[in-house]
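Engineer: from the sequence below, what's the structure:
(one chain, ligands or ions: 1)
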Amino acid sequence: MLEVDISGKVGALEFQAQFESEGGVTSLFGQSGAGKTTLTNMIAGLVKPDRGRIALDGTVLFDAAKGINLPVQRRCIGHVFQDARLFPHLSVKSNLTYARWAGGRSGSRDFNEVVELLGLSTLLGRKPETLSGGEKQRVAIGRALLSDPHLLIMDEPLASLDQARRNDILPYLDRLCVDAGIPILYVSHSIEEVARLSSTLVILSEGRTPAYGPVAEMLTRTDLGRATGRHEAGALVHGNVTDIDANWGLTFVDIGGAALQIPDLPAEAGDTVRLRIRARDVALAVEPPKGLSIRNAFQARITSISEESGPYAEILCALEDQTIRARITRASVADLELYTGKEVTVLVKSVAIDRRQRNLV
Ligand SMILES: Nc1ncnc2c1ncn2[C@@H]1O[C@H](COP(=O)(O)OP(=O)(O)OP(=O)(O)O)[C@@H](O)[C@H]1O
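Structural biologist: The predicted model follows:
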């Protein structure tokens with residue numbers, strides 16, 4: 001378990017961060033300049049907070065009151081940065097084994113296992129200059145894993161890659177997050193990555209942590225618009241793939257109380273999938289509509305209507321134990337006479353579902 005409760009001043013930014021996470025993948029999410037990198041540097045021991053305490057699995061890394069401040073190398077934290085920072089004169093294999101040697105630990109993690117996990121076997125003899133950005137990042141992740149860390153910090157590991165390279169590396173991250181068996185602190189300002197990879201989400205805004213908790217719950221919080229960036233709001237739902245219609249290229253996913261039809265989802269019958277549905281891609285109707293091209297229409301009950309200033313309202317709708325989030329105009333809320341408790345038809349455009357989200361419930 002990672003426990004963080006620290007405060008201090010870095011440059012002009014006042015920090016006051018408090019969160020706990022039980023393991024799995026914890027994402028630090030916030031807008032640019034929110035303090036994500038600084039917070040990870042505090043956890044890693046690269047920046048010293050003024051006050052507070054940081055503990056990892058019961059080991060105190062920092063406690064200002066007790067005068068404890070473990071140096072970086074004794075914190076057993078693997079760190080992957082935006083740029084891979086490989087040694088240019090060493091082969092991939094030597095880059096991978098360097099951390100283990102430099103750390104002075106024999107290492108219990110099997111070299112071949114890490115090579116297989118990250119798809120590095122064909123790269124071992126090559127020098128970093130011959131690798132693509134995504135390949136370099138995979139090597140950097142492998143190197144960090146082989147140092148046998150108790151926590152792996154990944155600070156926007158995909159930020160310097162174009163979309164094609166990101167898509168190449170994301171399946172490896174999926175596997176890493178599920179198979180690595182160590183807690184991961186993942187920094188990102190991409191809600192797609194966060195929704196796909198994490199179990200716990202910590203929101204960071206202007207050096208503060210206004211909220212943290214299970215990712216699906218956090219994504220339906222309508223009070224965090226400023227911290228998360230309103231245009232990205234959406235909800236995570238999970239479901240089971242029940243059927244595939246190869247003729248029309250549709251995958252049927254049962255999300256409990258409704259069957260979604262999703263085009264080109266790379267999943268098989270029996271798979272459990274996690275899907276992100278953006279609030280702006282959801283419409284509501286007070287009667288089941290007819291003659292629509294939208295194929296995903298199901299009944300749900302409004303559980304909350306949040307009307308802040310501006311033209312939009314955020315509506316949460318319950319579908320058994322899951323929540324769908326819709327952003328519609330306040331004018332529509334008034335016209336349709338929507339209220340908490342009302343049964344509505346939720347309409348989701350098939351194409352709005354991020355088809356990369358899978359197998360990560
Ligand atoms: N050593 C420092 N001296 C002065 N100011 C600093 C220092 N380190 C960070 N800052 C400031 O603290 C704020 C938070 O920076 P940080 O890099 O942690 O944000 P971030 O959320 O990681 O941003 P990004 O997503 O753009 O990488 C910024 O305003 C930055 O300029």
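
Engineer: contact residues of the protein facing the ligand?
Structural biologist: Proximity of the chain to the ligand (C-beta under 6 Å from any ligand atom) is limited to residues 10, 11, 13, 30, 32, 33, 34, 35, 36, 37, 38, 189. Using the backbone N, CA and C atoms, a C-beta is placed for each residue, glycine as well.

Engineer: name the element the fifth one belongs to?
Structural biologist: So that's residue 32. Residue 32 belongs to no helix or strand when assigned by DSSP states H and E.

Engineer: in this structure it contacts residue 189, no?
Structural biologist: Yes. Under the criterion of C-beta atoms under 8 Å, residue 32 makes contact with residue 189 at 6.3 Å.

Engineer: looking at the stretch 1-150 of the chain, what residue ends up closest to the ligand?
Structural biologist: Proximity to the ligand, evaluated over the stretch 1-150 of the chain using C-beta to the nearest ligand atom, is greatest for residue 11 at 2.1 Å.

Engineer: how about the helices in the stretch 201-350 of the chain?
Structural biologist: Remark: helices assigned in the stretch 201-350 of the chain by DSSP state H, counting those that start in this stretch are 215-219, 225-228, 330-335.

Engineer: for the last one, packing partners?
Structural biologist: With contacts defined as 3 or more C-beta pairs under 8 Å, 6 or more residues apart in numbering; DSSP states H and E, the packing partners of helix 330-335 are strand 296-307, strand 312-319.

Engineer: any low-confidence regions in the stretch 1-150 of the chain?
Structural biologist: Scanning the stretch 1-150 of the chain with the threshold set as pLDDT under 70 gives 99-109.

Engineer: what are the boundaries of the helices in it?
Structural biologist: Using DSSP H, counting those that start in this stretch, helices in the stretch 1-150 of the chain cover 36-44, 92-103, 111-117, 133-146.

Engineer: deepest-packed of these, please.
Structural biologist: helix 133-146 (a mean of 24; mean count of other C-beta atoms under 10 Å).

Engineer: the following helix or strand past that helix pairs with which strands?
Structural biologist: Sequence order places strand 151-155 as the next helix or strand after helix 133-146, per DSSP H and E. Strand 151-155 pairs in its sheet with strand 77-80 (parallel), strand 184-188 (parallel), by DSSP bridges.

Engineer: distance from strand 151-155 to the middle of the chain?
Structural biologist: Offset of strand 151-155 from its chain centre (C-alpha atoms, centre = their mean, to the nearest Å): 13 Å.

Engineer: for the helix or strand following that strand, packing partners?
Structural biologist: Next helix or strand after strand 151-155 toward the C-terminus (DSSP H and E): helix 163-179. Other elements packing on helix 163-179 under the criterion 3+ C-beta pairs under 8 Å, 6+ apart are helix 111-117, helix 133-146, helix 191-197.
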